[in-house]
Each structure stands twice: as C-alpha cells, then as structure tokens.
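Visitor: What follows is a predicted structure for the sequence shown.
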Amino acid sequence: MPPKRISNSDGVRRTRGMCVVWDMNFCVTFWSERAQKLFGRRADEVMGRESWEWMGLSARDQRKASRVIQRLTARKIDRHILRLEHELQDGTSMQCDWYLYGVSHDGDKPHAFEAIIRYVPTP
C-alpha cells in the first residue's frame, strides 16, 4: 500500500516552487509537476520509492543529505538548505538547492519531510 499523501492544508499543492514530499522512510509521497519537468521523471516513477533510487546523487551527496535528514528527524534543526548535484537519466547533471523541512501536525517529531527545489544554473 503506498504511503498517504500530506493533506492540502500543509500547503504542498499550492506552492509555486518545485515540491517533493517524503514519508519517514524517505519514500516519495508527493511529486509536483514542476519537479517532474525538472528531473524528467513522472510521478508514477518516483511515488513510493526511496529517494536514493531516483535522485542520481553521488555517494558524497547522499551522505550529506542523510545527515541533514537525521538532524531534521531528531529535531536538532527545523529546516536546512542543501545544494546537491543530480545526474539525470540522459547522463547530464545539474545542481539544485533543496529547502528541506520537517512536517509535523502536533509539534512533535516530524512525520514527513517537504522540500522546495530551485534549479541552480551553472555557467
């Protein structure tokens, strides 16, 4: 059974940025149309899958992102900006800034993570 999506009250569907939402297992539960255009992957290719399977990150960037997710989960931080380099399916690469934060309805530990993504053009 796929993970439940975060409700519209969280502002997920209303954002103008490229948006991705994960559950606590780091499986995608929401994939915006803009994220689809940026990464070249349809929602059915990423929904319910662990992010490491499709993000195209180097081992170094995976470790960097994992450390941030651990700190968000432990509530040591409430948000963080990461610059990650992604290798795309066509072999090209791009950099994106990920504005990550935990989503919690009760003020306790997060039950999901959301990211607004910004493409960073390279010269």
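Guide: Arrived safely.
Visitor: the longest strand in this protein is where?
Guide: If you go by DSSP state E, the chain has its longest strand at strand 93-103.
Visitor: Just the mean pLDDT for that strand, thanks.
Guide: In this model, strand 93-103 has a mean pLDDT of 89.
Visitor: what sits up against it?
Guide: Under the criterion C-beta atoms under 8 Å, 6 or more residues apart in numbering, residues 6, 10, 17, 21, 38, 56, 65, 68-69, 72-73, 75, 78-88, 109-120, 122 lie in contact with strand 93-103. (Each C-beta comes from the backbone N, C-alpha and C, glycine too.)
Visitor: Show me those residues that map onto strands.
Guide: 21, 79-87, 112-120.
Visitor: Just the buried residues out of the residues you listed, in ChimeraX syntax.
Guide: Entered in ChimeraX, the line below selects the buried ones among the ones in strands among the contacts of strand 93-103, by 16 or more other C-beta atoms under 10 Å:
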select :21,80,82,84,86,112,113,114,115,116,117
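Visitor: ok, back up a step: name every strand pairing with the longest strand of the chain and say which way it goes.
Guide: strand 79-87 (antiparallel), strand 112-120 (antiparallel) (DSSP bridges).
Visitor: hey, least reliable of the ones you listed by pLDDT?
Guide: Confidence, taken as mean pLDDT, is least for strand 112-120 of the strands paired with strand 93-103 (a mean of 88).
Visitor: Tell me the pLDDT of residue 73.
Guide: The model's pLDDT for residue 73 equals 84.
Visitor: rewinding a little: how about JSON lines for the strands paired with strand 93-103, with distance to residue 52 added?
Guide: What follows is the strands paired with strand 93-103, written out as JSON lines (distance: least, C-beta to C-beta, whole Å):
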{"stretch": "strand 79-87", "distance to residue 52": "12"}
{"stretch": "strand 112-120", "distance to residue 52": "14"}
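Visitor: Of the ones you listed, give the one that comes closest to residue 43.
Guide: Nearest of those to residue 43, taken as C-beta to C-beta: strand 112-120 at 14.8 Å.
Visitor: Across the sheet, point out what pairs with the residue lying closest to residue 37 once chain neighbours are set aside.
Guide: Closest residue in space to residue 37, ignoring its immediate chain neighbours: residue 18 at 8.0 Å, by C-beta to C-beta, 6 or more residues apart in numbering. As for beta bridges, residue 18 partners with residue 117 under DSSP bridges.
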